[in-house]
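Asker: Return atomic coordinates for the entry below.
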Amino acid sequence: MISVVALKFFHFLGLFLAGGLGVANNLLMKEHQIAKELPSAATQKTMAKLARIGLVAIVLLWVTGFGLAYRIYGGMNLGLAFNIKLLGATGLLGVVIFMNIYPQAMAKKGQALNPKLMKILPMVARSALVLVLVGIAVTTTS
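Answerer: Numbers count the residues shown, from 1 in each chain. Got it, this is the predicted structure:
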């Protein structure tokens, strides 16, 4: 019982951090796009830190999620809705990993970020999040 409570605590902490940091970074990026201004160096560093913390939070969600699935249900075979949730979570993890690597790689090359890619990735992340939320809502409803 204590291990499940501890896993849930850290799972919810990861959820809180990942969600808040994702919203914060999106708001910062959107405001700069609307103003047609590049973020200052300090803002860019802050956004990079938020992205790294968000990645750690999502990894925390994965680790605690596996732990919870095995402690509560005895495995990951929880049906189609849970598999849809995992598909969304995998997509979201992929986007977050990419967004932690791509901007730094482009900065090292001295190249600008691909604007088409930067427009598509938030949509992919939001779609993945919808899959996660719908999948878990169906899975946890009896």
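Asker: pLDDT weak spots in this structure?
Answerer: Along the chain, no part satisfies pLDDT under 70.
Asker: longest helix in it, by residue count?
Answerer: Longest helix in the chain, counting residues (DSSP state H): helix 2-35.
Asker: Does anything pack onto it? Which helices or strands?
Answerer: Counting contacts by 3 or more CB pairs under 8 Å, 6 or more residues apart in numbering; DSSP states H and E, helix 2-35 packs against helix 41-68. Quick note: C-beta positions are derived from backbone N, CA and C, even for glycine.
Asker: Give the buried residues for the helix or strand just after the helix it packs on.
Answerer: Next helix or strand after helix 41-68 toward the C-terminus (DSSP states H and E): helix 80-109. Buried residues in helix 80-109, counted by 16 or more other CB atoms under 10 Å: 81-82, 84-86, 88-89, 91-93, 95-96, 99, 103.
Asker: with those residues in mind, which one is nearest to residue 74?
Answerer: Taking CB to CB as the measure, residue 74 lies nearest residue 82 of the buried residues of helix 80-109, at 13.1 Å.
Asker: Please name the residues that touch that closest one.
Answerer: With contacts defined as CB atoms under 8 Å, 6 or more residues apart in numbering, the neighbours of residue 82 are 76, 135, 136, 139.
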